[in-house]
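A.B. asks: Give me a 3D structure for the following:
(chains A, B, C and D)
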Number of protein chains: 4
Amino acid sequence: MAVRAAVAGASGYAGGEILRLLLQHPEAEVGALTGHANAGQALGGLQPQLAPLADRVLQPTSAETLAGHDVVFLALPHGQSGALAEQLGDGPLIIDCGADFRLADAADWERFYGSPHAGTWPYGLPELPGAREALKGSARVAVPGCYPTAVTLALFPAYAAGLTEPEAVIVAASGTSGAGRSLKPHLLGTEVMGAMSPYGVGGTHRHTPEITQNLSAVAGERVTVSFTPTLAPMPRGILATCSARARPGVTAAGLRRAYAEALAGEPFVRLLPEGQWPTTAAVAGSNAVQIQVALDEAAGRVIAISAVDNLTKGTAGGAVQSMNIALGLPEELGLSTIGVAP
Amino acid sequence: MAVRAAVAGASGYAGGEILRLLLQHPEAEVGALTGHANAGQALGGLQPQLAPLADRVLQPTSAETLAGHDVVFLALPHGQSGALAEQLGDGPLIIDCGADFRLADAADWERFYGSPHAGTWPYGLPELPGAREALKGSARVAVPGCYPTAVTLALFPAYAAGLTEPEAVIVAASGTSGAGRSLKPHLLGTEVMGAMSPYGVGGTHRHTPEITQNLSAVAGERVTVSFTPTLAPMPRGILATCSARARPGVTAAGLRRAYAEALAGEPFVRLLPEGQWPTTAAVAGSNAVQIQVALDEAAGRVIAISAVDNLTKGTAGGAVQSMNIALGLPEELGLSTIGVAP
Amino acid sequence: MAVRAAVAGASGYAGGEILRLLLQHPEAEVGALTGHANAGQALGGLQPQLAPLADRVLQPTSAETLAGHDVVFLALPHGQSGALAEQLGDGPLIIDCGADFRLADAADWERFYGSPHAGTWPYGLPELPGAREALKGSARVAVPGCYPTAVTLALFPAYAAGLTEPEAVIVAASGTSGAGRSLKPHLLGTEVMGAMSPYGVGGTHRHTPEITQNLSAVAGERVTVSFTPTLAPMPRGILATCSARARPGVTAAGLRRAYAEALAGEPFVRLLPEGQWPTTAAVAGSNAVQIQVALDEAAGRVIAISAVDNLTKGTAGGAVQSMNIALGLPEELGLSTIGVAP
Amino acid sequence: MAVRAAVAGASGYAGGEILRLLLQHPEAEVGALTGHANAGQALGGLQPQLAPLADRVLQPTSAETLAGHDVVFLALPHGQSGALAEQLGDGPLIIDCGADFRLADAADWERFYGSPHAGTWPYGLPELPGAREALKGSARVAVPGCYPTAVTLALFPAYAAGLTEPEAVIVAASGTSGAGRSLKPHLLGTEVMGAMSPYGVGGTHRHTPEITQNLSAVAGERVTVSFTPTLAPMPRGILATCSARARPGVTAAGLRRAYAEALAGEPFVRLLPEGQWPTTAAVAGSNAVQIQVALDEAAGRVIAISAVDNLTKGTAGGAVQSMNIALGLPEELGLSTIGVAP
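C.D. replies: This is a model prediction of the structure:
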């Protein structure tokens, strides 16, 4: 069986990473590649790392060019996925790396994205309780945001076990590819090297409601989330430093046990041995997630830290992992837990 | 008047930065330079950026070599300052960039540093209420840690104005020079480039009690501090992302007003205009501090963020600023708010 | 005496660095600041490192806004300086950081810049034999390109002493600020971090004729130059690795002596002790130049290597140094040989 | 068939990269892992990117621990391979990533390495004329140095076609992993970020005779090599900028044709389309080589530039490629031309 896959938005960072993974996936075959401003250009100059596809030319993004594939990956600005999906119909598995179908609360969607709510699709974070089942056989997948992936995996075991109060404080550092490939002054190399800076402060980042939705679902009650993203001088990777007030009676041993149980059997998530801390370098280019947890007894808080590659597990790897599940393939097929380090 | 200054520990990063600032200080004259393992070597190979001192040779660190100066800067591992200060006597102004004389609580000291408590000296963070007065004319200065400098400046206005609950959650990213110049595997360039990683998690970092002491003093009650430091792939700079639960009735306007008032007239600290966020690049090599604050109403938290250069305002600049105050010189002499960017 | 200075192009990297130096120059006073697309904006958001100028607003670049100053620094795209200078007349010292008045050969100019030749102004590289004299009292200065600064200083002593054949091979690595602040995809931080890449290969870079002109003038014969620039993952700095065939009879000792003599007394250029090699970090933010030279006897070549900060000695520092000379101020005024490192 | 492979020196950067590739090689099985100072430690803390091997413990490096494998990779300091190979006997394929068996000229070896010459083994650069044949069925492989890999691939087509004079000038920039994992002050992250610096200048770098040997073999005459390595602020990658005087009559079209012909059919080496230049980012983590070439008519030189990953194609990937050939496996097995970028 060969799964023929199209990628819409193939000139961006997410699109490039999807292609990188598809090229190494034993059951996938790369079909149509589409772009918007770059339609008509060869991929070799846009994604020079994808040598086997150097001579492939981008087509315009449309239902026509994307039709006739088993899987269609959408790596587009938000607001475009719904109409395309409708035109493509029930045939293909459609995997949306954008935000359009992630949020259940229409008011949240409208407040943060300023456009009409499109609905929800099965959520491509298989590690979240219940999510893996919902993905099996689905014809639609909403891939999580990169920050929600990192944060949810760090904190859900604590909430699932009832160990933490419903208020989480999260500070996450992301590599600059998380900000995409658009030309903005603050993303110039000259500006970002040597610089750490925050953005979307005060609860204004669009991933805040998605994090809230995930943690609240696990906790069984509304979790209040304070989320501050920062931009770090590296191309890839997210380090999410998350904490929440510990419930009375929580012990370090009990906390660790809860994490070990919640993460047991997960092929891509690893609770590190005590004394070892996550580092983004170790997961670069892989679908691996490193997790570590500690109880700060003096501060009365659980500290949970995760490292992911924002482009891989945080976007394209999560998308391929979801594709595998949806199509009934082995979940780990074509994906790796081996980082490209140093 | 020329102030003759000796620097103990001149081959480390803090020592080098003190020398960089002294060379540009109109009233300072660089006297003895001492080292431990590097005694006998010329400075040119150790601190190649200090061209005017290239031929100066390091002497061994001892009371003899340090005697006869108006000011002695100590940039030594902790535990060495007390005995040296005693031997040097009352003559010179002694400015300790180490931790020995920062903590008032002997139990805290012993728990975090594992050695006998030495006492306290006037604290070299002039912006902290009361600190500037205590430094005037003092013969001793305890320079704050780099993280406590960044965090205290970000949060003290909120606590001074009674706007926040006594629980603070802090995640700070530091450039690698903050970890010093000792040869440790995780500090190799190959390891740190492309990597964000935490350390000292769970309240174990030695700067935790110092942050607690500062914030509690301002708040007038014990502040519980959750502090997580992370290492960022840049040589210099600290970005401190701090938050605390807002007290009832706090408004964004009131918060901003409190910060503007608390920081008014401070020569090195700047509350940025609304919409602009601190970045470590903008303060690199300078004594400047950038601060921004926001109220996250949904999360009920005040978010305060600061950027400093860990080596300048976070260590050597704070030391020179304190020297100026202690000696009765203009506080800004030889210091700058102009960062070396991009 | 206060020298009132205007800066045209104040929102770019060169303009920002000129301002950084002027703010620290004891005789300079910052006058009008102009921009093109950014006219009307406050400098605080564009050059956040220049805290003292945060509230200054950019005016449009025109003779009107630039009139009435003692010195006018032009940091503009090429082709604009001539007309502005004519309108400003003989009153002010005009220092052009662009290329317009660097090349004597009209054919070279037209081939590399594609526009009519404007002529030449005294060349702002005082270390070049004869250049310092020509700058004294001049009302016009053409500041050298950043690469020509680094390369000329590395190689002129060998040519001045007749030690090398008239063919030089140069490979230089530049920080990304050398490519300016315009929004180009390959300058995004995500692209440049982790990447070394060449550009302007095969003699096509515009600095090639300027390097050729400088070396040929010193050699007294046409020097053939092979110049390859590369972009390095750092914001600032140039490392120029230059070599030329050694003439018969050249010895390592003779080579070193020639360099020591040629560079003796230069306030900003330092021939490093044997065994120490230049590094861009050591000169960051300073007007210093580090030089080292070696004779490769097996290959029969002289290897000369220099490190400069492309924005400081390579542009703004060279400009201020030239201003000092032109105005009869001490050449080192407001400039430093102390790098901001680590 | 499963190829059981041992890795001696598994805690270093070369050893880690060999393991990363072996884990993704469909015919390889990871056997004994050995170390020296780290023997007894689990790999998880030393190579955190190799999640599947986290619990494997390093054994001491000895013939006993390495015996009983089909392939033994040696990633050891020079001088140790010969004795180990003798003890291991003719059974296993031994692939030496060190320098011991690369140089044919005993005098060169002794001058550059200061120890007795061990001899030569078939050279693991299959793209070099004749090398692929020599590797087939061999029980021994000497893996080339990282710089010689990059430089030889850039220049051999010009020499093979007789287009260039026998004098080459090479300046190469390497990521810091090329300097290994030993704790040296100049390799600290704080020192290398923001810094370009040369080392081994003047023909003293140990890769100089290896480059000379390769180019001379292709040229059929002694090629004089001027080689200057530089350290760049990135963890991986080599950009080699190479040039040689063009022979009379060489044209740009003829040069390009020669390269196209020499590299035709090579699975890992790609001559880029005109106008596109190599970048280390595009080959990171892959066995790909990007090549571009230009004729600088004014300077009379051929400029040939290559980008490789020093750890992959420059070391571990070249080793696995050679293993595949030696064992009669498909040459590309387990290797990729897809870089991990951005």
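A.B. asks: what's A:Ile303 sitting at in phi/psi?
C.D. replies: Dihedral pair for A:Ile303: phi -110, psi 120, per degrees, to the nearest 10.
A.B. asks: cool, and the one 3 residues further on?
C.D. replies: Reported as degrees, to the nearest 10, the phi and psi values for A:Ser306 are phi -130, psi 150.
A.B. asks: same check, this time on A:Gly317
C.D. replies: Backbone geometry at A:Gly317, expressed as degrees, to the nearest 10, gives phi -70, psi -40.
A.B. asks: Verify the contact between it and A:Asn287 for me.
C.D. replies: Yes: between A:Gly317 and A:Asn287 there is a contact under CB atoms under 8 Å: 3.7 Å. All C-beta spots, glycine's among them, are computed from the backbone N, C-alpha and C.
A.B. asks: Please enumerate the shared neighbours of those two.
C.D. replies: Listed contacts common to A:Gly317 and A:Asn287 are A:Phe268, A:Asp309, A:Leu335; contacts here mean CB atoms under 8 Å, 6 or more residues apart in numbering or on different chains.
A.B. asks: Can you show me the helices along the stretch 151-300 of chain A?
C.D. replies: Using DSSP state H, counting those that start in this stretch, the helices of the stretch 151-300 of chain A run over A:189-192, A:207-219, A:252-263, A:280-283.
A.B. asks: Around chain D, pick out the residues from the stretch 101-250 of chain A.
C.D. replies: Counting by CB under 8 Å from any CB of the partner chain, the stretch 101-250 of chain A comes close to chain D at A:Ser177, A:Met193, A:Gly194, A:Pro235, A:Arg236.
A.B. asks: where's the dip in pLDDT among the residues you listed?
C.D. replies: Lowest pLDDT of those: A:Gly194, 94.
A.B. asks: How much space separates A:Val151 from chain D?
C.D. replies: 21 Å (CB to the nearest CB, to the nearest Å).
A.B. asks: ditto for A:Pro278
C.D. replies: 9 Å.
A.B. asks: pretty sure that residue is touching A:Ser306, no?
C.D. replies: Yes: A:Pro278 lies in contact with A:Ser306 (CB under 8 Å); the separation is 6.0 Å.
A.B. asks: what do the two both touch?
C.D. replies: The contact sets of A:Pro278 and A:Ser306 overlap at A:Leu239, A:Gln290, A:Ile291 (CB under 8 Å, 6+ apart).
A.B. asks: okay, the last one: pLDDT?
C.D. replies: Confidence at A:Ile291, expressed as pLDDT, is 98.
A.B. asks: Next up, phi/psi of the residue nearest to A:Leu88 when sequence neighbours are not counted, please.
C.D. replies: In space, and not counting its chain neighbours, A:Leu88 is closest to A:Ala63: 5.7 Å by CB to CB, 6 or more residues apart in numbering or on different chains. Per-residue torsions, A:Ala63: phi -60, psi -30 (degrees, to the nearest 10).
A.B. asks: now do A:Ser81
C.D. replies: Taking degrees, to the nearest 10, you get phi -70, psi -40 for the backbone angles of A:Ser81.
A.B. asks: what sits against it?
C.D. replies: A:Leu74, A:Ile94, A:Asp96, A:Gly98, A:Asp100, A:Phe101, A:Ala118 are the contacts of A:Ser81 under CB under 8 Å, 6+ apart.
A.B. asks: wait, isn't the third one in contact with A:Ala83?
C.D. replies: Same thing as A:Asp96. No: A:Asp96 lies out of contact with A:Ala83 (CB under 8 Å); the separation is 11.9 Å.
A.B. asks: okay, the two: which has more neighbours?
C.D. replies: A:Asp96 (28 against 12; other CB atoms under 10 Å in any protein chain shown).
A.B. asks: and the gap between that one and chain B?
C.D. replies: From A:Asp96 to chain B the distance is 26 Å (CB to the nearest CB).
A.B. asks: Next, give phi and psi for that residue.
C.D. replies: Backbone geometry at A:Asp96, expressed as degrees, to the nearest 10, gives phi -100, psi 110.
A.B. asks: Do a quick rundown of the strands in chain A.
C.D. replies: In chain A, the segments counted as strands under DSSP state E are A:3-8, A:28-35, A:59-60, A:71-74, A:93-96, A:140-142, A:164-174, A:197-198, A:224-231, A:238-246, A:269-271, A:289-296, A:301-308.
A.B. asks: which strands and helices sit next to the second one?
C.D. replies: When you say that, I think you mean strand A:28-35. On a contact count with 3 or more CB pairs under 8 Å, 6 or more residues apart in numbering or on different chains; DSSP states H and E, strand A:28-35 meets strand A:3-8, helix A:13-23, strand A:59-60, helix A:63-66.
A.B. asks: tell me which parts of chain A are close to chain C?
C.D. replies: By CB under 8 Å from any CB, the residues of chain A that approach chain C are A:13, A:175-177, A:179, A:181, A:183-185, A:187-194, A:233-235.
A.B. asks: Pull the contacting residues for A:Ala2.
C.D. replies: So A:Ala2 contacts A:Glu27, A:Ala28, A:Glu29 (CB under 8 Å, 6+ apart).
A.B. asks: among those residues, which ones are buried?
C.D. replies: Neighbour counting with 16 or more other CB atoms under 10 Å in any protein chain shown marks A:Glu27, A:Ala28 as buried within the contacts of A:Ala2.
A.B. asks: any chance of the contacts of A:Ala2 in JSON lines, plus pLDDT?
C.D. replies: Shown next, in JSON lines, are the contacts of A:Ala2 (pLDDT from 0 to 100):
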{"residue": "A:Glu27", "pLDDT": "98"}
{"residue": "A:Ala28", "pLDDT": "98"}
{"residue": "A:Glu29", "pLDDT": "98"}
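A.B. asks: What is the nearest of the contacts of A:Ala2 to chain C?
C.D. replies: Nearest to chain C among the contacts of A:Ala2: A:Ala28, at 25.2 Å, using CB to the nearest CB.
A.B. asks: For the residue lying closest to that closest one once chain neighbours are set aside, which residues are in contact?
C.D. replies: Distance criterion CB to CB, 6+ apart; nearest residue to A:Ala28, sequence neighbours excluded, is A:Leu22 at 4.4 Å. Contact partners of A:Leu22, counting by CB under 8 Å, 6+ apart, are A:Ala5, A:Val7, A:Ala28, A:Val30, A:Val320, A:Gly334.
A.B. asks: For burial, what's the neighbour tally of the residue of the stretch 201-342 of chain A found nearest chain C?
C.D. replies: The minimum distance from the stretch 201-342 of chain A to chain C, using CB to the nearest CB, falls at A:Pro235 (4.8 Å). The tally of other residues near A:Pro235 (other CB under 10 Å) stands at 30.
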